[in-house]
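Visitor: Sequence plus the predicted model coming up.
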Amino acid sequence: MGESEPYMPISAVVTVYEPAVMSVASMFGVMMTARRDVLEMELLGWRIPWGRKSAHRKTVAQYLPSHIIQRITHHITHGQDKSTHSLDHLSRAAHPLVGVCRNWRASTLSLFYAHYNVDINCSSMHMSMRRRMVPTTPQISECVRALARSVRITAPFAGVFGGKVTRILNASGFDGAVFAGVDRVWLNFYAGLTEPVDEMHNVQGEITEFVKRVWMMFPHAEHLHMQVSLFTDSDDSQMVATLLGALATRKLQTIEYVHVSSGVRIGGLAGVTGLTHIRVQDDASLTECLDLVRRNAQTLVEADLGVVDAMDCLPKLTVDDSGELITYPKLRSLAIHVNLLPEVTAASFPALETLRRTTGHLHVANESPT
């Protein structure tokens, strides 16, 4: 079983650790055919180079079927080497899985402990069973939650305000679920609203319930990324701002908002402040963009204002309605179509390091005070 040995047949492993790992061996049963020796070497990361005397290792963990990956996760995470633990046999059973060879152990540990992401798809009434998505089996789901470090939730935007997203989470076994190790959450919303805001009922209650559920599931999350797409009117942007503002009530290190729709009015973001990054698309409302930038002057770190392509717009960035100078004390990078005079740069952008000309898409992010 030492690392110097190229591999040990599965049957030998079962003999050594019997009866503890019979369940471990059973999950490989579908692979045990008449060519057992060849399959075992492939399973353990070895390829037989016919006509040569040496074997070449390759990474195999990513190629295992999902049900085997899930079983390995269950065995690796579900036991402790303590005789008082009720699942102690599972911990002992995990030893052959991580001790077969160095390549197997490295692949397994790196697969689960370094890059494990969970994707929760609320577009339908069930969870997808593709790899890296949370399975519905209670025991396996529990260990996957313990391993997860980041989570992506995809849902129709209207489902947040209609309660559909929370109902799907409950139906999928997430009622009371906690992802204690998750520090980064992605919320991907699409399709905008399906009815006017003034015709929606209990909007604030649904937003409160959704926000409460998010922070209950991810109590230690420090980074929130929210992306919306296929939004086209002011109702959408208004509700985005409302939801983003509700999520931002919790103290986070970073909050990022990315809008990938075209032609949307961003006037609904009037209540969002503390932004650190703004990139504005060409067909956005110039007045709304300028108001958004001015409102976040004290916190902006980077701004791409490709939409500002006329000289008469520049004074609106640097002087407020009462004629007072607007200062951007933290702005280090600015992209704009017009030439800035040195005196304007020094007065309004004292921390500016990079000045360039470019265009971009609307991209807004903010960082809450720590």
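Guide: All right, it came through fine.

Visitor: Can you report how many residues lie near Leu153?
Guide: One correction, residue 153 is Ile, not Leu. 21 (other C-beta atoms under 10 Å). For the C-beta atoms, the positions are set from N, CA and C on the backbone; glycine is no exception.

Visitor: again with the one 3 residues further on
Guide: The tally of other residues near Pro156 (other C-beta under 10 Å) stands at 18.

Visitor: ok, and the closest non-adjacent residue to it?
Guide: Leaving out its chain neighbours, the residue that sits closest to Pro156 by C-beta to C-beta, 6 or more residues apart in numbering is Ala191, at 4.9 Å.

Visitor: and the one you found, what pLDDT?
Guide: Looking at Ala191, its pLDDT reads 73.

Visitor: Phe179 contacts Met216, correct?
Guide: No. Phe179 is beyond contact range of Met216, at 10.0 Å (criterion: C-beta atoms under 8 Å).

Visitor: More neighbours: those two, which one.
Guide: More neighbours surround Phe179 than the other of Phe179 and Met216, with 24 against 13 (other C-beta under 10 Å).

Visitor: So what does the more buried one look like in phi/psi?
Guide: Torsion angles at Phe179 (phi, psi; degrees, to the nearest 10) stand at phi -100, psi 90.

Visitor: for it, what are its contacts?
Guide: Taking C-beta atoms under 8 Å, 6 or more residues apart in numbering, we find Phe179 in contact with 118, 145, 148, 151, 217-218.

Visitor: ok so, going back, so what's the residue count around the residue nearest to Pro156?
Guide: Ala191, neighbours per other C-beta under 10 Å, totals 16.

Visitor: And the one 4 residues further on, by the same measure?
Guide: Other residues near Glu195 come to 12 when the count uses other C-beta under 10 Å.

Visitor: Can you tell me the closest non-neighbouring residue to it?
Guide: Per C-beta to C-beta, 6+ apart, closest to Glu195 is Ala158, 7.6 Å.

Visitor: just checking, what packs against the helix or strand harbouring the one you found?
Guide: Per DSSP states H and E, Ala158 falls inside helix 157-162. For helix 157-162, the elements it packs on are helix 164-171, strand 184-190, helix 203-217, helix 234-247, judged by 3 or more C-beta pairs under 8 Å, 6 or more residues apart in numbering; DSSP states H and E.

Visitor: Need those in TSV (columns: distance to Gln253).
Guide: Below are those laid out as TSV (distance: least, C-beta to C-beta, whole Å):
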stretch	distance to Gln253
helix 164-171	25
strand 184-190	10
helix 203-217	14
helix 234-247	14
